[in-house]
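Q: Below are the sequence and a predicted model for it; my questions follow.
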Amino acid sequence: MSDATRELLQNLNALAAGLFLLTAFGIVATRQARGCLQLFIAQSLLLAASAALLGLRFDSGHLYGVALVNLVSKPIIVPWLLRKVAPAELYTRREIDQALNIPITLLIALALTVGAYFLGVPLANAVGPGYHGPNVPIGIAGLLLGALTLTVRREAMPLLIGLLAMENGAFLAGVSIARDLPMLVELAIATDGLIIVFIVGVLVRAVDKQVGTTAVGELASLREGPARRSGPGADS
Amino acid sequence: MSVVWILLPPLVAAALAGIPLKRSLAPGATVVSCLLVLAGASRLAWRVAAGDPVGDALGPGWSNWVAVDGLSALILFLIALVGTTAAVYSLGYMAHGRPTPGKLRLYHANYNLFIFSMLAIPIVAEPTLVWIVVELTTLCSALLVSFDNTRGALEAAWKYVVLSLLGAGIALFGFLVLFAALHAGGGGAYTWAGLVDAAPRMPAFLMQTAFLLILIGLGTKVGLVPMHTWLPDAHSQAPSPVCALLSGIETTTILYVILRLFPVMQGVPGAHAEKWALVLGLVSAGTAAFLLLQVHDYKRLFAFSTVEHMGIVLTAVGFGASAADYGAMQQIVSHAVTKSFCFFAAGAVLLAVGTREISAVRGLIRRAPAAGTALMLGGLGIAGAPPLAVFLSEFVILKAGLARGHYFATGLLAVFIVIAFFGVMLHLNRMVFGQPEGPVPPDTDGASLPFSCRLTLVLAALPVVVLGVYIPKPLHDLLAQAATALIR
């Protein structure tokens, strides 16, 4: 492999990682539930692309495996599974009142990204030479932005996507620093992601049926305090 | 025989529970599978306690994936023990609300899968695979928490899933960094034992980052303050036998994964894992002790006491002395047996009075003598009254802390334990002996408490009482073996 090709692959990987960060910002701030899902699919494709490019660059069969697993499980099986188990309500929701308004959320997201840079760069350098690249800081940023999504959103779909996006972020860093993770582990983690979608889907369906909302983040009746619970069968 | 076989009975039972038959196989299958697992785990623990190497019994090539030592054997045995008592308790308790056969099948299928995922944690030696089974414990128990399908139960299950998975996401990154650190240090087997061997060669910065990420990530699922907010909800809204599993053993099983990192971190210069454990442990124990004072729901009371006990175990490990490690192991045992008993008692009270409000329950000793006595014993046991199991283990920990020279931390821990004692007894005393307002309803205890629940209460009370005055030799050996696994 010539130096020019290596350079090109590295630049393409940087492009994929940059776009990955953009989708992470999009997931935090997109109001439409369907838009969130589409951004997540785009993000998973970019993760697969980054894994494939790094696989080419370092000639690693493991990374091709990661790319393939991500290509099949997230963009194809996750939406299919959601359609099977979750109520159709989920797609049509549009979130009006987040915990924080969108400009402030984006400012926090920006601060988290800067913080991720200052943690990620020394981390990648500590692993060794040849690991510097945008993957680790952007992966950490993806992880933190996923966590931010979980804290500010109320609707079920963005919350689920936030959970999965955290995993994507961890993996974007992982394909760079933990290149030869056993294939068994990769497959198991992908399966695990699908179980998450299934269980969350079942729970949201139950909440939708019982409480009549998919804004699961607004459930907040359990706390210390005298009996204030209302609604049918609050005590059982 | 390989230890992997111990995972088989719960899987078979889960499959059997799923078969739709007119007369459900599910409850019987669950009890039989738990008894099989208990027999297997006891045999394993016995051999480990006798100093028999277990790892050699596995075929070559397995050692990168599966390994058992004293610590794993102890946790495995406790999971089997609490799993069995809770399964017997479920027989009568779950039949009480007259659920549909489908619902009962769902309960037992999930129950067995939950047991399966917990049993896998101490057996699996590859850290990323351990992470996956930790995720599985959350996912398999989510539908158990939401089983009652009320607004509160659904909310609790939702918080449980989201916060546990959030923590798991952080921990996943921690495990990937750990893997990277292993490679940066020249490679080796990515197992708990391989990490201990390679620790001195691994970059300290990466190790510290990985340790903190895993401590925070999995600490969420253990219920360490300030990541504990979901715990009292989930551990109070679930059906009582599930609470016994969640509180009695699941938290400890996840804590086991964190404990595995301590011998690794002792090999890293300037890592200070013990200091983090000490601080986080004391913060958890202290916060939980004060929160105990202001609860209004007796199942939440026991849930907060779990947070306190996890804090005590972590503090004990943070003392960094082998005597304190022994105390921590003993505390894990006494917490598992006592807390599961507490939730069995709480379930009996719930069946007798039908409410979880502390203020609505008075004079239980006259209204429902069996449930009242059990609740009082459970309360005394978990608060650490002598001569019960928790008192002995807490005493060992405090003594080891003083011997090691941690005067301030030990003093603080003792204060928190005393505050928690008053918190628990304040509420339970009123519930059991308090003067009822208005006319006393007729005694419904005998009719409402199913036979299997009474049987479980008697059996589960035995270790609570016995372990406070007498530790059998095999258990002592096992505890000592487990404690050595915490030291490099």
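A: Thanks, I have the structure now. Numbering: from 1, shown residues only, chains lettered A, B, ... in the order given.
Q: ok, and what's touching the helix or strand of chain A with the lowest mean pLDDT?
A: Lowest on mean pLDDT, DSSP states H and E among the helices and strands of chain A sits helix A:89-92, with a mean of 81. With Cβ atoms under 8 Å, 6 or more residues apart in numbering or on different chains as the test, helix A:89-92 has contacts from A:33-34, A:37, A:82, A:156-157, A:204, A:208, A:214. Quick note: C-beta positions are derived from backbone N, CA and C, even for glycine.
Q: Pull out the C-alpha coordinates of that helix and format them as PDB.
A: The C-alpha coordinates for helix A:89-92 follow below in PDB (Å, rounded to 0.1, in the frame of the first residue of the first chain):
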ATOM      1  CA  GLU A  89     -47.400   6.100  17.600                       C
ATOM      2  CA  LEU A  90     -43.700   6.100  18.200                       C
ATOM      3  CA  TYR A  91     -42.900   7.300  14.600                       C
ATOM      4  CA  THR A  92     -45.500  10.100  14.400                       C
END
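Q: avg pLDDT for whichever helix or strand comes after it?
A: Toward the C-terminus, helix A:89-92 is succeeded by helix A:102-127 as the next helix or strand (DSSP states H and E). Helix A:102-127 comes out with an average pLDDT of 93.
Q: From the contact counts, what lies against whichever helix or strand comes after helix A:102-127?
A: Counting by DSSP H and E, the next helix or strand C-terminal to helix A:102-127 is helix A:135-152. For helix A:135-152, the packing partners by 3 or more Cβ pairs under 8 Å, 6 or more residues apart in numbering or on different chains; DSSP states H and E come out as helix A:3-29, helix A:33-58, helix A:102-127, helix A:156-177, helix B:151-184.
Q: ok so, going back, report the buried residues of the least confident helix or strand of chain A.
A: Using 16 or more other Cβ atoms under 10 Å in any protein chain shown as the test for burial, helix A:89-92 gives A:89-91.
Q: before we move on, back to that, can you redo the helices and strands packed on helix A:135-152 as a markdown table with distance to B:Asp69 and mean neighbour count?
A: Shown next, in a markdown table, are those (distance: least, Cβ to Cβ, whole Å; neighbours: other Cβ atoms under 10 Å in any protein chain shown):
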| stretch | distance to B:Asp69 | mean neighbour count |
| --- | --- | --- |
| helix A:3-29 | 41 | 18 |
| helix A:33-58 | 35 | 22 |
| helix A:102-127 | 29 | 16 |
| helix A:156-177 | 28 | 28 |
| helix B:151-184 | 19 | 25 |
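Q: out of everything not next to it in sequence, what's closest to the residue most central in space within chain A?
A: Against the mean C-alpha coordinate of chain A, by Cα atoms, centre = their mean, the closest residue is A:Ala165 at 0.3 Å. What sits nearest to A:Ala165 in space, not counting adjacent residues and going by Cβ to Cβ, 6 or more residues apart in numbering or on different chains, is A:Gly146, at 3.9 Å.
Q: count of neighbours near that neighbour?
A: Per other Cβ atoms under 10 Å in any protein chain shown, the neighbour tally for A:Gly146 reads 26.
Q: residues contacting it?
A: A:Gly146 neighbours (Cβ under 8 Å, 6+ apart): A:24, A:27, A:162-169, B:169.
Q: and the closest residue to B:Leu172 other than its chain neighbours, how far is that from B:Gly401?
A: Leaving aside its sequence neighbours, B:Leu172 sits nearest to A:Ala170 (Cβ to Cβ, 6+ apart; 4.6 Å). According to Cβ to Cβ, to the nearest Å, A:Ala170 stands 37 Å off from B:Gly401.
Q: Low-confidence regions, the chain specifically.
A: Assuming you mean chain A. For chain A, the stretches flagged by pLDDT under 70 are A:96-97, A:225-236.
Q: wait, I meant chain B there
A: Applying pLDDT under 70 to chain B picks out residues B:1, B:22-23, B:53-60, B:438-447.
Q: repeat that for 80
A: Within chain B, the segments meeting pLDDT under 80 span B:1-2, B:21-24, B:52-63, B:97-98, B:437-448.
Q: Give me the most central residue, it.
A: B:Ile249 (2.2 Å).
Q: what secondary structure does that residue sit in?
A: At B:Ile249 the chain is in helix, as set by DSSP: H, G, I helix; E, B strand; the rest coil.
Q: Which residues are in contact with it?
A: B:Ile249 neighbours (Cβ under 8 Å, 6+ apart): B:78-79, B:82-83, B:118, B:336, B:340.
Q: on that earlier part again, redo the helices and strands packed on helix A:135-152 as a markdown table? Include distance to B:Leu74.
A: Shown next, in a markdown table, are the helices and strands packed on helix A:135-152 (distance: least, Cβ to Cβ, whole Å):
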| stretch | distance to B:Leu74 |
| --- | --- |
| helix A:3-29 | 42 |
| helix A:33-58 | 40 |
| helix A:102-127 | 35 |
| helix A:156-177 | 31 |
| helix B:151-184 | 22 |
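Q: can you tell which of those helices is closest to B:Leu36?
A: For B:Leu36, the closest of the helices and strands packed on helix A:135-152 is helix B:151-184, at 28.6 Å, according to Cβ to Cβ.
Q: picking that back up, any idea which of the contacts of B:Ile249 is closest to chain A?
A: Nearest to chain A, judged by Cβ to the nearest Cβ, of the contacts of B:Ile249 is B:Met118 at 15.8 Å.
Q: if I read this right, that closest one contacts B:Ile79, doesn't it?
A: Yes. Using Cβ atoms under 8 Å, B:Met118 is in contact with B:Ile79, at 5.0 Å.
Q: Okay, buried residues for the helix or strand harbouring B:Ala371 please.
A: Assigned by DSSP H and E, B:Ala371 belongs to helix B:369-383. Neighbour counts using 16+ other Cβ under 10 Å place B:370-383 of helix B:369-383 among the buried residues.
Q: For that helix, name the packing helices and strands.
A: Contact here means 3+ Cβ pairs under 8 Å, 6+ apart; on that basis helix B:369-383 packs against helix B:298-319, helix B:322-353, helix B:364-367, helix B:389-404, helix B:407-433, helix B:445-448, helix B:451-466.
Q: Out of the ones you listed, which is closest to A:Ala141?
A: helix B:298-319 (30.3 Å).
Q: Quick check: which helices or strands does that closest one pack against?
A: With contacts defined as 3+ Cβ pairs under 8 Å, 6+ apart, helix B:298-319 has these neighbours: helix B:231-237, helix B:240-245, helix B:251-259, helix B:273-292, helix B:322-353, helix B:369-383, helix B:389-404, helix B:407-433.
Q: how far is that helix from where the chain is centred?
A: 10 Å (Cα atoms, centre = their mean, to the nearest Å).
Q: and the nearest residue to A:Arg179 once chain neighbours are set aside, how many residues sit next to it?
A: Distance criterion Cβ to Cβ, 6+ apart; nearest residue to A:Arg179, sequence neighbours excluded, is A:Ser60 at 5.4 Å. By the criterion of other Cβ under 10 Å, A:Ser60 has 16 neighbours.
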